[in-house]
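In: have a look; sequence and predicted model below, questions after that.
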Amino acid sequence: MTRSGSLSTVCRYASILVMLVLIACTPDAATSEPLPQATEPPITATVPQDSPEPAPFLLSERGPYHVGIRTYSFTDADRDGRGIGITVWYPAIRPADATGSTTSGADPDASGAPYPLILSSRKVADFFGSHLASHGFVVAGVNGLDYYIPWDENLIDQPLDILFALDQVASNPIEGLEGLIDAEHAGVMGYSFDGYNALAMSGARVDPEFYLSECASTPLQEHWIQFGYCNMSGEWDQFAAHAGDAITTSDDGLWNPITSERIRAVMPMAPEGAVLFGERGLSAVDRPTLIIGATEDVDCDYNHEAVFIFEHIGTSDKTLISFIGEDHYMVYEPEMVSRMKHFATAFFGYYLQGRDDYSEYFSEDFVSQHDDLAWGVYTE
């Protein structure tokens, strides 16, 4: 089934250049191992539901931990010695001479260890890493991941880089942080191009038939083929060869997902990728997913990306929170970033830390108290 132009508004080349300053294998099914126990005292709402004032974004405030930051380098021997570096934010012991909330190389604070792991690109982690670490997570940002125009082999390489980082942390405790990280309860988050990476690790599966038919059915100028998503359709065989048989070979025509059973929850923000997965590929998503969308986003079009993805992902454990009147660059706005920090802390706290008390902070009741947010699809 094609949507004949319904995906014609895409993350456009001209606008996405602005992202230069910002962000711009075979899979396993998720398991049902018990969640880790909560290690922090509960935070409770201070504003009742019937209050004339909306509930505050309490989790946008920093948590109780000081934060350390370190960098590490690895080599992926299975991919021609590809170098992969990561920057890690983690709960740390505050040095006596510390002047800020984050200290490079600080000694880890093991009082609540092990801490769940959240992965993303380094660019996204620069926005969220220190905040989430202060709430009892370890955040690993993969260095060097960036937007790419047109779509190319990065669609495969970037998710694999993130998975490699996860495997390194899980199988070889990194120096200086031994015993600190719970890599068996991991989450992935991303914004824009990195929102695709998070979506790719949700269990979603590439649907070549959908992608190629969409790109063939829509006029050249509408799909930005020269610079955008569909340019790759003319080089599909090379792209599939780069992905490899482990990903592309299946019995139903869909590619296998690029994910790990360790990944328990994903959070794509202002995401892209709908045309690559299509309805069938998105129906394979099998783990909790929180999507953040901006209703005025015309770069990664709100309706054709965030809404389409939300409506077709297969998991019933899905949430879309729409930021009304915001566009793709709301990530530059401190207030909007603060809200995203709140929702990320609540979402990953609930699914990775076992914080049942956090469910209210990304609930319909909470969201509906704010006139500039919408629970689910915003249609007005």
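Out: That came through, no problem. Fair warning: this is a prediction, and the values are worked out from it, not measured in the lab.
In: how much space separates Lys123 from Pro159?
Out: From Lys123 over to Pro159 the distance is 15 Å, taken as Cβ to Cβ, to the nearest Å. In short, each C-beta sits where N, CA and C put it, glycine included.
In: pretty sure Val367 contacts Tyr378?
Out: No: here Val367 does not reach Tyr378: they are 11.0 Å apart, not a contact under Cβ atoms under 8 Å.
In: partner residues bridging Val291?
Out: Not quite, residue 291 is Ile, not Val. Taking DSSP bridges as the rule, Ile291 bridges to Leu320.
In: start the count at 19, not 1, going forward
Out: With the count now opening at 19, the last piece we talked about shows up as Ile309.
In: how about it, what does it touch?
Out: 285-287, 289, 324, 327-328, 336-339 (Cβ atoms under 8 Å, 6 or more residues apart in numbering).
In: for the stretch 19-168 of the chain, give me the ranges with low pLDDT.
Out: Low-confidence segments of the stretch 19-168 of the chain (pLDDT under 70): 19-69.
In: quick one, helices of it?
Out: 31-34, 140-152 (DSSP state H, counting those that start in this stretch).
In: neighbours around Tyr350, how many?
Out: 12 (other Cβ atoms under 10 Å).
In: for the one 3 residues further on, same thing?
Out: A total of 12 residues lie near Glu353 under the criterion other Cβ under 10 Å.
In: same deal with Asn190?
Out: Neighbours of Asn190 using other Cβ under 10 Å come to 10.
In: and it, what's its pLDDT?
Out: Asn190 is assigned a pLDDT of 86 by the prediction.
In: what about it, distance to Phe92?
Out: As judged by Cβ to Cβ, Asn190 and Phe92 stand 9 Å apart.
In: just Asp374 next, same as before
Out: Noted for Asp374: a distance of 36 Å to Phe92, by Cβ to Cβ.
In: so for those two, which residue has more residues nearby?
Out: Ranked by neighbour count (other Cβ under 10 Å), Asp374 and Phe92 place Phe92 first, with 18 against 12.
In: how about Asp335: what's its closest non-neighbour residue?
Out: Nearest residue to Asp335, sequence neighbours excluded (Cβ to Cβ, 6 or more residues apart in numbering): Pro306, at 4.3 Å.
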